[in-house]
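Student: This is the structure alone, sequence omitted:
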């Protein structure tokens, strides 16, 4: 595995790029202030754009480390940030990348997240050289599971009463895809 950091990726409709502090207003407006977006996530909705700006300052400084992978999703059509996708954890011993993401509610159901994640999977497997990519979701948030299925991830199990967010314990559904499975899937679509 060779860390490359967050590089700009492009899909048919999206640019995935590094965050800039100047993205704070759009991030706050489009998803960071939304209770609905944050419902199944570890963070609370941001109270004001200053909170978002402070977070982005931390994220931007983290790009100095080559093992930081944190993209903002920007539709080519509008040029305005609508969500983010990141490697929230690396397990070095097994060369595993764990993904996390969120998207503004106005863009739910439009296929943006699977489109972005396909580009990130390709980058992580082909360029960074990870062996495994995984993700998990609250059992009460099946839409995240559908995104994982669209990527070719396999449900690996449900850890009962394993997750804990905002004072609530929940069943945690885990998905994963191995590098060999990903390559096989790519050969089948060529």
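Tutor: Great, that's in hand. It should be emphasised that the depicted structure is a prediction, and the values quoted were computed from it without experimental measurement.

Student: Stretch 2-15: end-to-end distance?
Tutor: With Cα to Cα, to the nearest Å as the measure, stretch 2-15 spans 23 Å from end to end.

Student: Report the buried residues of the longest helix anywhere in the chain.
Tutor: Criterion DSSP state H: the longest helix present in the chain is helix 49-62. Across helix 49-62, burial judged by 16 or more other Cβ atoms under 10 Å covers 49, 51, 52, 53, 55, 56, 59, 60, 62. C-betas here are computed from N, CA, C, even on glycine.

Student: go on, stretch 18-32?
Tutor: So for stretch 18-32, counting by 16+ other Cβ under 10 Å, buried means 18, 19, 23, 24, 26, 27, 28, 30, 31, 32.

Student: Next, the distance between the ends of that stretch.
Tutor: 17 Å.

Student: can you give me the offset of that stretch from its chain's centre?
Tutor: 15 Å (Cα atoms, centre = their mean, to the nearest Å).

Student: what residues does it touch?
Tutor: Counting by Cβ atoms under 8 Å, 6 or more residues apart in numbering, stretch 18-32 makes contact with 6, 8, 37, 45-46, 48-49, 51-53, 55-57, 59-60, 63, 70-72, 80-84, 102-106, all of which sit outside it.

Student: again, only using 7 Å
Tutor: 6, 37, 45-46, 49, 52-53, 56-57, 59-60, 63, 70, 72, 80-83, 102-104 (Cβ atoms under 7 Å, 6 or more residues apart in numbering).

Student: if I look at residue 18, how far off is residue 115?
Tutor: For residue 18, the distance to residue 115 (Cβ to Cβ, to the nearest Å) stands at 19 Å.

Student: what helices or strands is the helix or strand where residue 147 lies leaning on?
Tutor: Element membership for residue 147, per DSSP states H and E: helix 142-150. In terms of contacts (3 or more Cβ pairs under 7 Å, 6 or more residues apart in numbering; DSSP states H and E), helix 142-150 is packed against helix 112-123, strand 132-138, strand 168-178.

Student: Can you give me the buried ones in the helix or strand following it?
Tutor: Toward the C-terminus, helix 142-150 is succeeded by strand 154-165 as the next helix or strand (DSSP H and E). The neighbour-count check on strand 154-165 (16+ other Cβ under 10 Å) flags residue 163 as buried.
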